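J.: let's see this in three dimensions:
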Amino acid sequence: MAQHDPFMGVGDVEAPTPAPAPKKPERPLSLDERKALNWFKANTPASPSAKGLPKSEHRAVLMARCLIEISPDRKRYDPISYSITGKGIDHLKGWHHD
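T.: From the prediction side, this is the model:
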């Protein structure tokens, strides 16, 4: 037989879970980051030794926002190569679903 919880009245209901806080909108890409994204669009897949490869801080921002990725065709010990994602292409077209 179940014991009655003295702190809960009969028919009491737990409070609903609060709605998640709204996501903070991402800041727009800087001019250099936008240039880097355009570079990847023109040079995908790109190896780390490619001529004109954008700076690492711009690559890091683009990867964090899922606009570029390490090429999915890369095998385990192959050199890293970067590819622009579908989200990156959409971003360049002006479709921002962030």
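
J.: output the below-cut-off pLDDT ranges for this protein.
T.: When residues are selected by pLDDT under 70, those of the chain lie in 1-13, 15, 95-98.

J.: show me where it has strands.
T.: Here the chain has its strands, by DSSP state E, at 68-70, 82-84.

J.: now the first one: buried residues?
T.: Residues of strand 68-70 classed as buried: 68-69 (neighbour count, 16 or more other CB atoms under 10 Å). Yep, even glycine has a C-beta here, placed from its N, CA and C like the rest.

J.: before we move on, back to that, of all the strands of the chain, which lies closest to residue 29?
T.: strand 68-70 (11.9 Å; CB to CB).

J.: please name every helix or strand in contact with the closest one.
T.: In terms of contacts (3 or more CB pairs under 8 Å, 6 or more residues apart in numbering; DSSP states H and E), strand 68-70 is packed against helix 56-64, strand 82-84.

J.: separation between the closest residue in space to residue 67 that isn't next to it in sequence and residue 14?
T.: Closest residue in space to residue 67, ignoring its immediate chain neighbours: residue 88 at 3.7 Å, by CB to CB, 6 or more residues apart in numbering. As judged by CB to CB, to the nearest Å, residue 88 and residue 14 stand 43 Å apart.
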